[in-house]
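**Q** how would this look folded up:
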Amino acid sequence: MARILIVDDSPSQLVGIKRIVEKLGHQTITADDGAAGVEAAKREVPDLILMDVVMPNLNGFQATRSISKDAKTSHIPIILVTTKDQETDRVWGIRQGAKAYVTKPVNESELVETINKLLPAA
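**A** Numbering: from 1, shown residues only. Below you'll find the predicted structure:
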């Protein structure tokens, strides 16, 4: 069982993604904006992070960059899960340190496949 941090400012998205992750048997930690996500990543050091992009305070690109540049959290794979579906957004997200990019509305099988591919082998 992995510990997965879900960062999203939409309560309905948070619940939906949390349901998918918990169905896989993983433990979830949640944060409702990018700044809280960075703090949770440092405090909890999860196995994987699912990060929204459009959020108040600190957006997902900024939070991803912060987490991927910090020595304590740089090893954690980050999957951006966002409505931003332009190729330039995808490229920018990967350049900020994300390992994958999944667009909303979330396709459950695509998200599950991406999580399984990026989770460190236990």
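
**Q** by contact count, what packs against the lengthiest helix in the chain?
**A** In the chain, with assignment by DSSP state H, the single longest helix is helix 11-23. Applying 3 or more Cβ pairs under 8 Å, 6 or more residues apart in numbering; DSSP states H and E, we find helix 11-23 packed against strand 3-7, strand 27-31, helix 108-118. Quick note: C-beta positions are derived from backbone N, CA and C, even for glycine.

**Q** Leaving out the residues flanking it, which one is nearest to Leu14?
**A** Excluding its sequence neighbours, the residue lying closest to Leu14 (Cβ to Cβ, 6 or more residues apart in numbering) is Asp8, at 4.7 Å.

**Q** again, but for Ile17
**A** Spatial nearest neighbour of Ile17, excluding adjacent residues (Cβ to Cβ, 6+ apart): Ile6 at 5.3 Å.

**Q** Wait, Glu44 touches Ile6, no?
**A** No - using Cβ atoms under 8 Å as the test, Glu44 is too far from Ile6 to be in contact (11.6 Å).
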